[in-house]
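Engineer: Following is a predicted model, sequence given first.
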Amino acid sequence: MKRLGTVSYNIYCNFTNYGSACQTWALHQAVKKLGHMPVLVDYCPAVLAGQNPLNPYENMWDKDEESRRMVELTMSEIRENYAKFDRFYREQFTRTKKKYMSENFSEITSELLDGFICGSDTIFCIDEFGGFDDGYYANYPEMRGNTVAYAASFGSSHFDERTYGILNDRLKNFKAIALRENGMLSYVKEHVEVPVAGTVDPTLLLTSKDYDAMAETRQYEKPYLLLYARCYDPQMEAYAEKTAKEKGLEIIEISLRAINVKKGHIMRYDAGVEEFLSLIKYSAFVVTNSFHGLIFAVLYCRPMAVFTRKQAVCKINDLLALMGMKQFGLTTEGEEYQEIDYDEVHERIGEARKRSLDFLRMELELL
């Protein structure tokens, strides 16, 4: 059994993120099933050292006075949400004894790790993290040649001649590389001499039964539509309200749009990871523009509609294509719901899951 450190975007962030927490948890469960001991590296990139998730406005995509006001109105829920995430990371993981940053990363040898896994999430996105983070690109001496990447994402990175050169050098740090999206897959294959593959997000390495143990019991008896918005989209909100009215559902909403209380929405920005999973599991319908909101709605076979957003077009479209659900990506409130053949969708996911687990197994054997 190997003791393997995972390095990803999770504990330290611009604002709490269900996807980051769930993909980290899922990767740890997959590594355990493959016979190894995962250890969450308490790693903070320099660019995130000064971020305050209790003040999400500074890092939001919606930058206007209305958004600022919504954050102020939601502050009590933001604090509660942060406390639940902090508890989740403390209780759900075997974690390194210390917090590591660039100035003390050499001390990680005291943790007696046999190797590292970088991933998942947008850890390869140089635009988001202000360049090539040494932890995410395995560029610390303790990680070079002793690390694999699993389901890493380049996000919306924009490379030029100079940064492509740096990228090519950083990719040499890995013994194998698995990417979550297709955009850079061919490029990476052409520029490294190690195994490279496209794999599913860690959350898809598991089934809904794996998450049932973590999801809390049903929180609402009345049937409801869950509206989970990663950024404000008036078209998506209008679609959710139209659908809820047609189906006689209450609306439970996870967003910072505190003003929607006046519309009768039950606002749940305070929800922790377990509550988030429960809200999806027991929903009568899900409307979201979240990559991981889409994943869990599909895993739990919920009637659902997904809207794309500027920051997630590629990853959502790639995921819909993988699942044979391209036609379910919506853009306006006027579009009609289509019945989803979940037997076919889950058959496709099962095939991709097997391929991904096989590649991850091979990666771990290299460490």
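Structural biologist: Perfect, I can see it now. Numbering: from 1, shown residues only.

Engineer: So which elements touch the helix or strand harbouring Glu253?
Structural biologist: For Glu253, the host element (DSSP states H and E) is strand 250-254. If you count contacts as 3 or more C-beta pairs under 8 Å, 6 or more residues apart in numbering; DSSP states H and E, strand 250-254 packs onto strand 224-228, helix 234-247, strand 266-267, helix 273-281. Glycine gets a C-beta too; all of them are placed from N, C-alpha and C.

Engineer: again, only this time at 7 Å
Structural biologist: Here strand 250-254 touches strand 224-228, helix 234-247, strand 266-267, going by 3 or more C-beta pairs under 7 Å, 6 or more residues apart in numbering; DSSP states H and E.

Engineer: By mean pLDDT, flag the weakest helix or strand of this protein.
Structural biologist: In the chain, no helix or strand scores lower on mean pLDDT, DSSP states H and E than strand 329-330, which sits at a mean of 68.

Engineer: ok, the strand holding Glu253: who's next to it in the sheet?
Structural biologist: strand 224-228 (parallel), strand 266-267 (parallel) (DSSP bridges).

Engineer: Let's test this: mean pLDDT of it, rounded?
Structural biologist: In this model, strand 250-254 has an average pLDDT of 98.

Engineer: repeat for stretch 85-101
Structural biologist: Rounded mean pLDDT across stretch 85-101 is 97.

Engineer: gap between the two ends of it?
Structural biologist: This stretch, stretch 85-101, spans 21 Å end to end (C-alpha to C-alpha, to the nearest Å).

Engineer: Go through that stretch and flag the buried ones.
Structural biologist: The neighbour-count check on stretch 85-101 (16 or more other C-beta atoms under 10 Å) flags 85, 88-89, 92-93, 95-96, 100-101 as buried.

Engineer: In helices only, show me the residues you listed.
Structural biologist: Applying DSSP state H to these, the entries found in helices are 85, 88-89.

Engineer: Same list, those, but as a markdown table with distance to Glu344 please.
Structural biologist: Converted to a markdown table, these look like this (distance: C-beta to C-beta, whole Å):
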| residue | distance to Glu344 |
| --- | --- |
| Phe85 | 35 |
| Phe88 | 33 |
| Tyr89 | 36 |
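
Engineer: which one of those is nearest Arg302?
Structural biologist: Minimum distance to Arg302 across these is 22.6 Å, recorded for Phe88 (C-beta to C-beta).

Engineer: hey, which of the strands paired with strand 250-254 is tucked in deepest?
Structural biologist: Across those, averaging neighbours per residue (mean count of other C-beta atoms under 10 Å) puts strand 224-228 on top, at a mean of 27.

Engineer: between it and helix 234-247, how big is the angle?
Structural biologist: If you take axes from the mean of the first three to the mean of the last three C-alpha atoms, to 10 degrees, strand 224-228 sits at 170 degrees to helix 234-247.

Engineer: Return the set of buried residues in the longest helix seen in the chain.
Structural biologist: Ordering each helix of the chain by length in residues (DSSP H) puts helix 342-366 first. By neighbour count on 16+ other C-beta under 10 Å, the buried set for helix 342-366 is 342, 345-346, 349, 352-353, 356-357, 359-360, 363-364.

Engineer: what do you get for stretch 233-242?
Structural biologist: Using 16+ other C-beta under 10 Å as the test for burial, stretch 233-242 gives 233, 236-237, 239-241.

Engineer: One more: stretch 288-304?
Structural biologist: Buried residues in stretch 288-304, counting neighbours by 16+ other C-beta under 10 Å, are found at 288-300, 302-304.

Engineer: isn't Leu171 right next to Val188, touching?
Structural biologist: Yes. Using C-beta atoms under 7 Å, Leu171 is in contact with Val188, at 6.4 Å.

Engineer: anything in contact with each of these two?
Structural biologist: Common contact partners of Leu171 and Val188 (C-beta atoms under 7 Å, 6 or more residues apart in numbering): Ile177.

Engineer: the more surrounded of those two?
Structural biologist: Relative neighbour count places Val188 above the other of Leu171 and Val188, with 23 against 20, counting by other C-beta atoms under 10 Å.

Engineer: Give me the contact list for stretch 8-19.
Structural biologist: By C-beta under 7 Å, 6+ apart, stretch 8-19 touches 20-21, 24, 42, 44, 48, 51, 53, 56, 59, 81-82, 85, 89, 118-123, 273, 276, 290-292.

Engineer: List only buried entries from these.
Structural biologist: Buried by 16+ other C-beta under 10 Å: 20-21, 24, 42, 44, 48, 51, 53, 56, 81-82, 85, 89, 118-123, 273, 276, 290-292, out of these.

Engineer: Alpha carbons only: can I get stretch 35-52 in PDB?
Structural biologist: Output of stretch 35-52 as PDB, limited to C-alpha atoms (Å, rounded to 0.1, in the frame of the first residue of the first chain):
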ATOM      1  CA  GLY A  35      -5.600  -0.300  -2.500                       C
ATOM      2  CA  HIS A  36      -3.600   2.800  -1.500                       C
ATOM      3  CA  MET A  37      -3.700   5.400   1.200                       C
ATOM      4  CA  PRO A  38      -4.500   8.900  -0.100                       C
ATOM      5  CA  VAL A  39      -3.400  11.900   2.000                       C
ATOM      6  CA  LEU A  40      -4.800  15.400   1.400                       C
ATOM      7  CA  VAL A  41      -1.800  17.700   1.100                       C
ATOM      8  CA  ASP A  42      -2.700  20.900   2.900                       C
ATOM      9  CA  TYR A  43      -1.300  23.000   0.100                       C
ATOM     10  CA  CYS A  44      -1.900  26.800  -0.400                       C
ATOM     11  CA  PRO A  45      -0.600  28.300  -3.700                       C
ATOM     12  CA  ALA A  46       0.900  31.800  -3.300                       C
ATOM     13  CA  VAL A  47      -1.900  33.400  -5.400                       C
ATOM     14  CA  LEU A  48      -4.500  32.100  -2.900                       C
ATOM     15  CA  ALA A  49      -2.700  32.900   0.300                       C
ATOM     16  CA  GLY A  50      -4.400  36.300   0.700                       C
ATOM     17  CA  GLN A  51      -7.900  35.300  -0.500                       C
ATOM     18  CA  ASN A  52     -10.800  35.500   1.900                       C
END
